[in-house]
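Participant: no sequence on this one, just coordinates:
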């Protein structure tokens, strides 16, 4: 939900900039009197489509972690989910362009160059060497170091492996903070990913989380020089209490889908499957929720196939509306595909949510989807790009009550066993706690002040900088 100027109600958004009045924590490291402390560094926060990031931060806060959020860019989405308002952490923003904070940026860089010229120049050399890092990343790396230092945070967790991870990596090379990563999909699979640089970012991290075994296997096989031991798998989690199972009646012949209207979601195949079913006199009503660059193309396909009476592009909707549709639709369909640029969904959160609501699901055998749906037990999987198979699977769910009931019950059980946000975020918290134990023994004093370098990887030496 949004307030004035597109800001989420209850959210606290302010510029991190280089302001001298930013609040300082009295505790050093990850720990404080209240418990664990960690910084989250994100490219843009909040984002309407990245509910998994918000779910993670909310659950960390529920489990007593003090989270600070640094965003490299201000949000451009026109609306936000209501869950944003429940996040306690303040979102702060770095200047993206030099003109926004020219003198303080230059002073910060001059100070860093004087303090550690060799490391500063090494970091700059990486920008010149790799297409996946640029001048903005380099400028913001020093500012991010300053942000963490002012808040006495020793570790940042970074979602996605693109520019936000470049900022963390460049800061690391300059003797800056310790970081960990969570890698998802486009940051791994797109053809334009600098795979050598991504491997270096992973190797420099304390650990790297990814959201499916498929992702991990792909990275081990395709990223040159990557350290497999750095990569851990932890599924995205959902709040099972928010996605209660509906054991009652569902709207007959209704098929629901939700996601950005982009190629990898495969919605064009759902439209074509609906046309197949309509021609066979199968009653069906498809609702696709979401917005995106393919909206016009999908609308033209609906018109071309003559299915405007049974397929609706409903636009973006709130989480509450999406939950209600998941709880009352007869079938949930997400026919994911490999996009032309190599992008593919890794572990679609909407499938986890639909299964938790007991909505029988149909998807494709692609990437991590078979790790979500146990075919013919907790839902149905069909080959990629196979419109006829997709139509047959949807018809099976709409017409076979016993199958639909079984998929509904087993889907909920699978969501409970694999995708409980409390368990999965608890695992991440335990990894942060392990780092906290390392940091506790890695300090030294100079003139009565504790200073720690986080440039050493796990298991390496820790250099105390005077």
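Facilitator: Cool, got the structure. Note that the structure is a prediction, hence the values are computed from the model and not measured. Numbering: from 1, shown residues only.
Participant: beta partners for residue 182?
Facilitator: Counting by DSSP bridges, residue 182 forms beta bridges with residue 159, residue 209.
Participant: pLDDT at it, what is it?
Facilitator: In this model, residue 182 is scored at 98, pLDDT.
Participant: residue 174 versus that one, what's the distance?
Facilitator: The gap separating residue 182 from residue 174 is 23 Å, by CB to CB, to the nearest Å. Any C-beta I mention is one placed from the backbone N, CA and C, and that applies to glycine too.
Participant: hey, which helix is longest across the chain?
Facilitator: Counting by DSSP state H, the longest helix found in the chain is helix 421-440.
Participant: all helices of the stretch 151-300 of the chain, in order?
Facilitator: 163-173, 186-189, 195-204, 213-222, 267-279, 295-305 (DSSP state H, counting those that start in this stretch).
Participant: of the ones you listed, flag the one that's most buried.
Facilitator: Highest mean neighbour count of the helices of the stretch 151-300 of the chain: helix 163-173, a mean of 27 (counted as mean count of other CB atoms under 10 Å).
Participant: which other helices and strands contact it?
Facilitator: On a contact count with 3 or more CB pairs under 8 Å, 6 or more residues apart in numbering; DSSP states H and E, helix 163-173 meets strand 35-44, strand 66-73, helix 117-129, helix 135-150, strand 155-159, strand 178-183, helix 195-204.
Participant: and if we set it to 6 Å?
Facilitator: Helix 163-173 sits against strand 35-44, helix 117-129, helix 135-150, strand 155-159, helix 195-204, with contacts defined as 3 or more CB pairs under 6 Å, 6 or more residues apart in numbering; DSSP states H and E.
Participant: that one - what's its average pLDDT?
Facilitator: For helix 163-173, mean pLDDT rounds to 97.
Participant: sorry, back to before: would you format the helices of the stretch 151-300 of the chain as a markdown table with distance to residue 360 included?
Facilitator: As requested, the helices of the stretch 151-300 of the chain are arranged in a markdown table below (distance: least, CB to CB, whole Å):
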| stretch | distance to residue 360 |
| --- | --- |
| helix 163-173 | 37 |
| helix 186-189 | 28 |
| helix 195-204 | 37 |
| helix 213-222 | 23 |
| helix 267-279 | 15 |
| helix 295-305 | 24 |
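Participant: for residue 143, which of those is the nearest?
Facilitator: helix 163-173 (8.8 Å; CB to CB).
Participant: neighbouring contacts of the closest one?
Facilitator: Helix 163-173 has contacts (CB atoms under 6 Å, 6 or more residues apart in numbering) with 41, 43, 72, 122-123, 133, 137-138, 140-141, 144-145, 158, 179, 181, 201, 204.
Participant: what's the PyMOL line that selects buried ones from those residues?
Facilitator: Of these, the buried ones can be selected in PyMOL as follows, counting by 16 or more other CB atoms under 10 Å:
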select buried, resi 41+43+72+123+133+137+138+140+141+144+145+158+179+181+201+204
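Participant: need the contact list for the residue nearest to residue 214 when sequence neighbours are not counted.
Facilitator: Among residues not flanking residue 214 along the chain, residue 368 sits closest, at 4.5 Å (CB to CB, 6 or more residues apart in numbering). Applying CB under 6 Å, 6+ apart, we find residue 368 in contact with 212, 214, 346-347.
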